[in-house]
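Enquirer: Quick one, structure for this:
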Amino acid sequence: MWNRQFISLCLILLAAGLVTAPIELLFPVYVEEALGKTVWFAALLRAIPIALGGLFALVGGALSDRLGRKSTLILGMTGALVVGVVFISKQPLLIWGVLCYQGIASGFRIAGGQSYLISAVDADQLGLAAAVYFMTYTFGGSLGSAIGGELIDRFNYGVVGGGAIFVMILLILAALILLPRLPRGGDERKSFTQMLAGYGEMFRRREVLLLLGMRFLPTYSWGTVSLLLPVLIARASGVRLAGYYGASRDLFAACCQLVSGRVCDAVGAKSTAFVATCLVAMGVVLITLNTGSTTLLFILGVFGAGAAWSVSITMPRLIDEFFAKEEKGRGVGITHLAWSSGFLSGHMVGGRLESVAISLPFAVASGMVVISAILAFQLWQNGKMKKVVTH
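Expert: I've put the predicted structure just below:
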């Protein structure tokens, strides 16, 4: 597992998380404070870019299978390069344009990065490898959230935005030089158009549909929580506490990822996904019942993040199981489409319902993740039945 390809990939993700996390976490707060707009406006501003990220993950998956993992990943990193402009500009149209490009590039980054991971690590170690993969990005994000909150409190948003641009230029150059190139996973005889056409057959597989439901529904819930909790905490106690909430959330999630990765390799991805989804459901239900307590929102948000990221840990192994070698990139692409669709829906609906009643968006999110737990149970039961038939 600890080969040069995997280590280089994780170091790049660590640095990328450090740079982009404070911008992603505090963007709704920036929209309220610097632009004088509502949380709903922040959700609307990010809606189209998130949708583009999901759609272009399909393109990124096909590119990864056709052209290679490294090239697709580095192309995707250019989105993080320009996102620093968000904290420099106060022009909504320019910010929207930057976020659109970031959304497109994020589809390439996710497809290239995760397919690179799956190709670089043996299948029986993929749970732990996925944990380390996500954990490095999360750990970098936790540091970035804390540092970003402090810098904004002491200086301004522009310092964080300008620093992000400078660091990402250096990081892309480092990736070009240091990240090893992997063999292409796809059938090079197929055209790019044929690669894209292959998605139609994937959508007809029952297990793939269950997997997509498991990806969409909890992410809807997490989209609502990730949008509203930093705003609620910042309203009650200031942006500094919101920054430390992000840091605590990401650090706890990193620990949960490591534990879940080991469990995933030991007992299987399907059972791990089922238990983790149930924990997400419990966390969101408790948030719904305690929206008036900043302390409980802080604690439950941290707990929910750990459970949500534990679900994500199972995805590379499930993709490796459900998709052939020449489909890995597109397997990542199709699951990221489900993720981005869920995140977009959670942002949009959650941001809109927040103006009606503060507990309403969390109640809807609770229902979504309960349905996801049912789908995860069905996938787990299918796995048990196959084992019985095999033996």
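
Enquirer: Closest to the centroid, which residue in this structure?
Expert: W339 (7.4 Å; Cα atoms, centre = their mean).

Enquirer: pLDDT on the one helix or strand it maps to, on average?
Expert: Using DSSP states H and E, W339 sits in helix 328-353. Averaging pLDDT along helix 328-353 yields 87.

Enquirer: For whichever helix or strand comes after it, name the packing helices and strands.
Expert: Downstream of helix 328-353, the next assigned helix or strand under DSSP H and E is helix 360-390. If contacts are counted by 3 or more Cβ pairs under 8 Å, 6 or more residues apart in numbering; DSSP states H and E, helix 360-390 sits against helix 206-237, helix 269-289, helix 328-353. C-beta coordinates here come from the backbone N, C-alpha and C atoms, glycine included.

Enquirer: what's the burial count for L94?
Expert: 13 (other Cβ atoms under 10 Å).

Enquirer: The closest residue to it other than its chain neighbours and L99: what is the separation?
Expert: Leaving aside its sequence neighbours, L94 sits nearest to V85 (Cβ to Cβ, 6 or more residues apart in numbering; 7.0 Å). Applying Cβ to Cβ, to the nearest Å, the value for V85 to L99 is 9 Å.

Enquirer: neighbour count winner among those two?
Expert: Shown here are V85 and L99; by other Cβ under 10 Å, L99 has more neighbours (25 against 21).

Enquirer: Which secondary structure element is home to the more buried one?
Expert: helix 92-120.

Enquirer: got the contact list for the residue nearest to the centre of the chain?
Expert: 54, 215-216, 219 (Cβ atoms under 8 Å, 6 or more residues apart in numbering).

Enquirer: contacting residues around S8?
Expert: Counting by Cβ under 8 Å, 6+ apart, S8 touches 178-180.

Enquirer: ranking these by neighbours, who comes first?
Expert: Ranked by neighbour count (other Cβ under 10 Å), those have L179 at the top, with 19 neighbours.

Enquirer: And that residue, how far from F56?
Expert: To F56, L179 is 21 Å away according to Cβ to Cβ.

Enquirer: Does F134 touch L258 like I think?
Expert: No - the criterion here is Cβ atoms under 8 Å, and F134 misses it with L258 at 9.5 Å.

Enquirer: and the two? which has more neighbours close in?
Expert: F134 (28 against 15).

Enquirer: which SSE is that one in?
Expert: helix 126-154.

Enquirer: Give me the helices and strands touching that helix, please.
Expert: helix 4-33, helix 92-120, helix 157-178, helix 239-267, helix 294-313, helix 315-322.

Enquirer: Could you check the angle that helix makes with helix 157-178?
Expert: Angle of helix 126-154 versus helix 157-178, following axes from the mean of the first three to the mean of the last three Cα atoms, to 10 degrees, is 150 degrees.

Enquirer: Buried residues in helix 126-154, which are they?
Expert: For helix 126-154, burial by neighbour count (16 or more other Cβ atoms under 10 Å) applies to 126-149, 151-152.

Enquirer: Can you tell me the closest non-neighbouring residue to A273?
Expert: Excluding the flanking residues, the one nearest A273 by Cβ to Cβ, 6+ apart is T314, at 4.2 Å.

Enquirer: Would you agree that neighbour is in contact with A131?
Expert: No - judged on Cβ under 8 Å, T314 makes no contact with A131 at a distance of 10.1 Å.

Enquirer: Can you give me the distance of L13 to Y30?
Expert: Counting by Cβ to Cβ, the gap from L13 to Y30 is 24 Å.

Enquirer: sorry, back to before: for the residue nearest to A273, give its distance to R215.
Expert: On the measure of Cβ to Cβ, T314 and R215 end up 10 Å apart.

Enquirer: neighbour count winner among those two?
Expert: T314 (29 against 26).

Enquirer: Low-confidence stretches in the chain?
Expert: 1, 183-191, 383-391 (pLDDT under 70).

Enquirer: got the CA coordinates for stretch 108-122 in PDB?
Expert: In PDB, the C-alpha atoms belonging to stretch 108-122 read as follows (Å, rounded to 0.1, in the frame of the first residue of the first chain):
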ATOM      1  CA  PHE A 108     -12.100  15.900 -13.000                       C
ATOM      2  CA  ARG A 109     -10.200  16.100  -9.700                       C
ATOM      3  CA  ILE A 110     -12.600  13.600  -8.000                       C
ATOM      4  CA  ALA A 111     -12.600  11.200 -11.000                       C
ATOM      5  CA  GLY A 112      -8.900  11.300 -11.500                       C
ATOM      6  CA  GLY A 113      -7.900  11.200  -7.800                       C
ATOM      7  CA  GLN A 114     -10.100   8.300  -6.700                       C
ATOM      8  CA  SER A 115      -9.500   6.200  -9.800                       C
ATOM      9  CA  TYR A 116      -5.700   6.900  -9.200                       C
ATOM     10  CA  LEU A 117      -6.200   5.600  -5.700                       C
ATOM     11  CA  ILE A 118      -8.100   2.400  -6.800                       C
ATOM     12  CA  SER A 119      -5.400   1.700  -9.500                       C
ATOM     13  CA  ALA A 120      -2.400   2.300  -7.100                       C
ATOM     14  CA  VAL A 121      -3.500   0.100  -4.200                       C
ATOM     15  CA  ASP A 122      -4.400  -3.700  -3.900                       C
END
